[in-house]
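Take this sequence and fold it.
(2 chains)
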Amino acid sequence: MALGKTEEKVGGPGMNETPLIRLTDVSKVYHLESGDFTALNHISLDINEGEFVALMGPSGSGKSTMMNQLGILDVPTTGELYIAGKDVARMTNLERTHMRRDTLGYVFQKFYLIPLLSAYENVEYPLILKYKKRDTTGKADAVLKSVGFDKAMSAHRPTQLSGGEQQRVAIARALVNEPKILLCDEPTGNLDRKTGFQIMDLLVGLHGEGKTVILVTHDPKIAEYAKRTVTLEDGRIVES
Amino acid sequence: MRDIFFDLSVRSVKLNFLRSLLASIGIVIGVVAISSMGMLGTNMQLQVKDQLSTGANTLVITSDAVRIGLPGSNPTASSSSSGITKTQLLKIKQSAGTGNTVIPLYRTSTEFTLGSVNGRSSVYGIAPNDVTSFLTIDNGTNLEGVNDALVGSTIATNFNLKLGSRIHIGKANETESRPTVRIVGILKARGMTSDNVNADNAIIVSRDWYTAEYGGEDQYNQVNVIVKNIDTLSEVKTAIDAKVNTDPKTPVIRIQDASSRLSSITSTLSTMTTFILAIGGISLLVAATSIFNVMMMSVNERIQEIGILLSIGTERGEVRRMFLYEALILGILGGGVGGLCSLVIGYSVVSAMIGTTAYFFLPESIVYIPGGMIIGMCVCVVSGLYPAWRASNMDPIDALRSE
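The predicted structure follows:
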C-alpha cells in the first residue's frame, strides 16, 4: 500500500463490500489567530463492518481530530465523510445527534460518566434518549452484567467506582443501544496495565460478536489487539 | 416515571442546595412582596367598597364655588359668597320629589377640649329631626336643647367621652370664652360611607347652635338627598341638576352619588395598589438577577457534563430542558415557600394596616398568593432561558475538553 498517497483510497484487507465508514479526501483546518492549522490533510480511508481498527500516531498527529470526525462531533472542512451510507455534511444537527445516539458508541479515555447518575442510570441513559422512557426491558441490567457488573455495583455513583469499573460502565453505556460502530479513544489510557488488558479483552470479545471497533491508542501493545492499524502523522495516513 | 432530565435537575439542585436555597430566598421575598402588597391594596378596596355601600342611596350635593368652613378658618368670612343657598335648597327639595329626604347640613373642623385634653374633630350642624334619618344613636337621646351634642363612636372611645360630659369647642389658647356643648348621645359606628358624613369622628350639634357660633345661616356646606327607591337615584340626580344648574357652563352645585364617589376612591386605591405592586416587582427583578447568576454558575460548572450529554446523543433541546427544569425547581421552591410566607405575612399586614381580615380570604384577595407564586416561577424560568440556551449551544468538543 502506497503511504501518504491521499488520492488512493485506503481500505481493509480483503474487504470489497460497501464500507461502513468512508472518508474521501477529508481535511480539517482550524483557523487560529496564529494562522491556519491543518489537523487532517486529505485523508481517504474505508472501514468495513466488523473490522477492528487501531488508529496510532504520535501526539498532534490528528488521531483525536479523526475520532471527532468519526464520532460526528465535528465535520470536515473539505472532503466527504460517509457513515453507514449517510453523508455527514448533508445531515442536520438533529440527524447527527440521532446518529451519535443510535449508530455510534463512544468510549472515552477519561470515561466521562455522568456524575449525577448511578452506574445503572448511566447505562440506561442512552436508552431513555432513544425510546423517551425509562428502561423496563432489563436491557441496561443485561449489558451491565455482560461487562461484569452486578446489581449492587450498578447502584454506585461513578465517584464510588475504580477506573476499570468506570470504563466498564462507559463501555456498557456505549453498547446499550446496539451501535454498529464502537469508537474507543485511548480506552486504557487512564487504567493500570492489568486493567487495561482486561478492557481490551472485553473489546476483542465485542469485535468477535461482530461489532466494528475503532480504537485510538499510542500504545503498540494495545494496538496489537486490533486486526488492522492505521498510523497517522502530521494529519496524513502514513501506514495502513 | 419521572423524566431523566428532571431527575438530573433535582440532583443538581440538591448538590448545590445552599446556593440554590439562597437564590430562592430572593424569589420568596419577591413573592411575599407582591402577594402581601396586592392583598393589602385589594383588602383596602374591598373594605372601602363595603363601607361605601352604606348610604349608597344618597346624593351628596355641594356648592361648586369655594367651600366654606375649611379647617382652622373662620367660616363666616367666606360664607356670604359660598355654600348652598336657601333658594338652591328650595329648588333641590322641589325637584327631589316626595318620599325622598333632603338633609341640609353645615360642617367645619375645629379643636375642642375635654377637661385638660385637647382634640380635633369635624362639627356638623344638623336639624334634630334629620339626625335620625341617617344616623343611629347607640346610647343616649337625640338633640333637644340648643347646647346638646351627639358624638361619634371613635371620638367617644378615643377621648373616653360619656353622656353628660361637656366639651369646650374652639382653640384652647383663645382668650375669649369658648362655647360649651353637653353630650346627650353617642352614635353607632358607621365606618366610611358614601354620604360624605364622617360621623364616627364628629360632633353633631343643632343647626341653630352651629349658625349662632359660626354664622353662615342658609349657606349650607352640603345637602344630602336620601332617595327612597335606589332605582330612581339617577332620575332624581338629573332632576336636581336640571332645576338648579340652569346654565350647564357655570354649574352652581355639584351632585355626587355613591357610584361616582366609589369609582373615584377605588381608582385612587387601585393606583396605589399598582404602585406598591410595582415596588414588590422590583424585589422580583433583583431575585431574577440572582437566579440568572446561579444558573450561569450551574452551566459553567457542568460544561464537561454538557459535553458528555451532547457527545452521546442528547438533543440540544433536551439539554435546554434540563436547565430550564433547574430554574423551574428554584421557582417552585421559592414560589412555594413564598406562597406560604405570603399567607402568614399578608394576613398579619392586612390585620395590622386595615384592622380587619374579613376580606382576606375572599377570592379577589387570596388570588394574589397563587398569582405571586406563578409570577415568581415565571421569573425563574425566564431567568434560566439564556443559561439554558448557552448550555444547549455549546460545542461538544470544546465542552469535553474543559476541566
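
what packs against the lengthiest helix in chain B?
Under DSSP state H, the helix in chain B containing the largest number of residues is helix B:258-301. Counting by 3 or more Cβ pairs under 8 Å, 6 or more residues apart in numbering or on different chains; DSSP states H and E, the packing neighbours recorded for helix B:258-301 are helix B:17-52, helix B:316-354, helix B:368-392. For glycine as for every other residue, the C-beta is placed from the backbone atoms N, C-alpha and C.

Okay, angle between that helix and helix B:17-52 too, please.
Here helix B:258-301 runs at an angle of 180 degrees relative to helix B:17-52 (axes from the mean of the first three to the mean of the last three Cα atoms, to 10 degrees).

Give the next helix or strand downstream of the one helix or strand residue A:44 maps to.
Here residue A:44, judged by DSSP states H and E, is contained in strand A:35-47. Note on strand A:35-47: by DSSP H and E, the next helix or strand toward the C-terminus is strand A:52-56.

Distance from the helix or strand following that next one to the middle of the chain?
As assigned by DSSP H and E, the chain's next helix or strand after strand A:52-56 is helix A:63-70. Distance of helix A:63-70 from its chain centroid, counting by Cα atoms, centre = their mean, to the nearest Å, is 9 Å.

is the helix or strand that contains residue B:305 anywhere near chain A?
Secondary structure assignment for residue B:305, by DSSP H and E: helix B:303-311. Yes. Residues of helix B:303-311 contacting chain A under Cβ under 8 Å from any Cβ of the partner chain: B:304, B:305, B:307, B:308, B:309, B:310, B:311.

Would you mind getting the angle between that helix and helix B:368-392?
Using the same axes, to 10 degrees: helix B:303-311 against helix B:368-392 is 80 degrees.

what's the model's confidence in helix B:303-311, averaged?
Helix B:303-311 shows a mean pLDDT of 95.

likewise stretch B:261-270?
Stretch B:261-270 carries an average pLDDT of 80.

Show me the contact partners of that stretch.
Residues outside stretch B:261-270 that contact it (Cβ atoms under 8 Å, 6 or more residues apart in numbering or on different chains) are B:41, B:44, B:45, B:48, B:49, B:52, B:60, B:194, B:196.

With just CA atoms, put it into PDB.
Extracted in PDB, the C-alpha atoms of stretch B:261-270 (Å, rounded to 0.1, in the frame of the first residue of the first chain):
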ATOM      1  CA  ARG B 261     -67.500  58.500  44.700                       C
ATOM      2  CA  LEU B 262     -66.800  54.800  44.800                       C
ATOM      3  CA  SER B 263     -65.300  54.900  41.400                       C
ATOM      4  CA  SER B 264     -63.100  57.900  42.400                       C
ATOM      5  CA  ILE B 265     -61.900  56.200  45.600                       C
ATOM      6  CA  THR B 266     -61.400  52.800  44.200                       C
ATOM      7  CA  SER B 267     -59.500  54.300  41.300                       C
ATOM      8  CA  THR B 268     -57.200  56.000  43.700                       C
ATOM      9  CA  LEU B 269     -56.800  52.900  45.700                       C
ATOM     10  CA  SER B 270     -56.200  50.900  42.500                       C
END
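
in it, what's buried?
B:261, B:262, B:265, B:266, B:269 (16 or more other Cβ atoms under 10 Å in any protein chain shown).

Give me the longest strand you can find in chain B.
strand B:101-114 (DSSP state E).

Could I get the buried residue list for that strand?
Residues B:101-108, B:110-114 are the ones in strand B:101-114 that count as buried (16+ other Cβ under 10 Å).

What is the lowest-pLDDT residue among those?
residue B:114 (81).

ok, now which ones touch that residue?
Counting by Cβ under 8 Å, 6+ apart, residue B:114 has contacts B:159, B:161, B:165, B:166, B:167, B:168.

Grab the most central residue of chain A for me.
Chain A has residue A:183 as the residue nearest its centroid, 0.9 Å off, counting by Cα atoms, centre = their mean.

For that one, give me its contacts.
So residue A:183 contacts A:67, A:70, A:71, A:104, A:105, A:106, A:107, A:174, A:214 (Cβ under 8 Å, 6+ apart).

redo that, cut-off 6 Å
Contact analysis of residue A:183 by Cβ atoms under 6 Å, 6 or more residues apart in numbering or on different chains lists A:70, A:71, A:106, A:214.

what's the neighbour count on residue B:15?
14 (other Cβ atoms under 10 Å in any protein chain shown).
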